[in-house]
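> got a predicted model here, sequence first, then my questions.
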Amino acid sequence: MELTVDLNLLRTFVVVYRARNITRAAETLHLSQPAVSHALKRLRDHFDDPLFIRTRAGVAPTRLATSVYAEVNGPLSQLVASTADRTRFDPASSTRRFRIALTDLGEAGLLPRILQATGSAGSGIEIETVPLDIATVANDVLSRDVDAAIGSSPVPGPVAQEVLFHDRYGCLVPEDLEAQDNTVSVEDLRRLPEVRVGPSAGHRTITEAVTTLGAGILSDVPHVEVNRFTSLARIVAQCGFFAIVPVDAFSRLITGLEGTKLLELPFASPRTGVHLISHRDAEGSSAHAWFLSTVRRALINS
């Protein structure tokens, strides 16, 4: 597909595609809503396609819009970054928006620290989070759809990866479960049903532990599999399940939530490295270099 469209129109298109909402896109672009609508009209005329269909929640892209986004997003992001870096990035005056892929556990436990670190620059820098999917995150980084991602396992692909810190696993159980030495018993693990977060969240370490350290204790297949960590605590508290979770991150998530408690596992706790994932060329951009170093400062040894 040969594109001969004004760069600003394409940038508007990308922001609308990501936001799925004209009003939010206008806010991101610091434009009026009529200006965004006018830009979309010019793009619709150019492509002879509606591009976005109105929905109750905002807008939904057409098949052609999805095809255009796949073609222009990566090159456009590179061009914008290259243009911005003709002058040295100044976090104190920038209003740039950075996108980071996180699980819901990462949003609860890690994002506040990242926001404190980026906000300390005293600037108008904005942070947008997108859901992390371990199966697609490498492509998201390579296409520059996200500036960085944080996950609990390495990912395949030609991306930069580094371990920020390590976490260990414990067992989330109903608050009234009796336990000696703050450790869940093997009998309780065999007796209680298990709820587990699915593989898209990237916590592969505990799944591997099921077949090694926890062999004969934990079932290969949980009774219930969910997509997000935030639902675990209520399922455990209200339904009498147990869940194996990363201790440091999860303890921040359940602070103040009654009905559950964290116990030690009755076997050696597996450890997981929390990885910062980014484009291999990210450090070549002063803006991305600042963002990655700020994330490191916020999370390493914190």
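Everything's here; your move.
> can you pull out the helices in the chain?
Applying DSSP state H to the chain gives helices spanning 7-19, 22-29, 33-47, 63-84, 104-109, 111-119, 137-142, 186-191, 204-210, 232-239, 247-253, 286-299.
> what's the most buried one of those helices?
Of all those, helix 104-109 has the most neighbours on average by mean count of other C-beta atoms under 10 Å, namely a mean of 22. (Each C-beta comes from the backbone N, C-alpha and C, glycine too.)
> for it, which helices and strands make contact with it?
helix 247-253 (3 or more C-beta pairs under 8 Å, 6 or more residues apart in numbering; DSSP states H and E).
> in this protein, which strand is the longest?
As assigned by DSSP state E, the longest strand anywhere in the chain is strand 160-174.
> got any ranges where the stretch 151-300 of the chain has weak pLDDT?
202-216, 252-257 (pLDDT under 70).
> bridging residues for Arg168?
Arg271 (DSSP bridges).
> tell me how far it lies from Leu292.
Distance of Arg168 to Leu292, given as C-beta to C-beta, to the nearest Å: 25 Å.
> cool, and Ile22?
Distance, Ile22 to Leu292, using C-beta to C-beta: 32 Å.
> then Val130?
As judged by C-beta to C-beta, Val130 and Leu292 stand 17 Å apart.
> also Thr183?
Thr183 is 39 Å from Leu292, by C-beta to C-beta.
> same question for Glu178.
46 Å.
> try Leu132
16 Å.
> likewise for Val274?
Applying C-beta to C-beta to Val274 and Leu292 gives a distance of 14 Å.
> and for Asn227?
Counting by C-beta to C-beta, the gap from Asn227 to Leu292 is 28 Å.
> repeat for Gly240
43 Å.
> circling back: possible to save the helices of the chain as CSV with distance to Ser278?
Shown next, in CSV, are those (distance: least, C-beta to C-beta, whole Å):
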stretch, distance to Ser278
helix 7-19, 19
helix 22-29, 22
helix 33-47, 30
helix 63-84, 13
helix 104-109, 15
helix 111-119, 14
helix 137-142, 6
helix 186-191, 38
helix 204-210, 20
helix 232-239, 28
helix 247-253, 20
helix 286-299, 6
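> count of neighbours near Asp281?
12 (other C-beta atoms under 10 Å).
> residues touching it, list them.
Asp281 is in contact with no residue at all, counting by C-beta atoms under 8 Å, 6 or more residues apart in numbering.
> now do Phe250
105, 109, 170, 172, 229, 232, 262.
> got the domain ranges for the protein?
1-84, 166-271 (automatic domain parsing).
> can you redo those as a markdown table with distance to Ser93?
Below are the domains of the chain laid out as a markdown table (distance: least, C-beta to C-beta, whole Å):
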| stretch | distance to Ser93 |
| --- | --- |
| domain 1-84 | 12 |
| domain 166-271 | 32 |
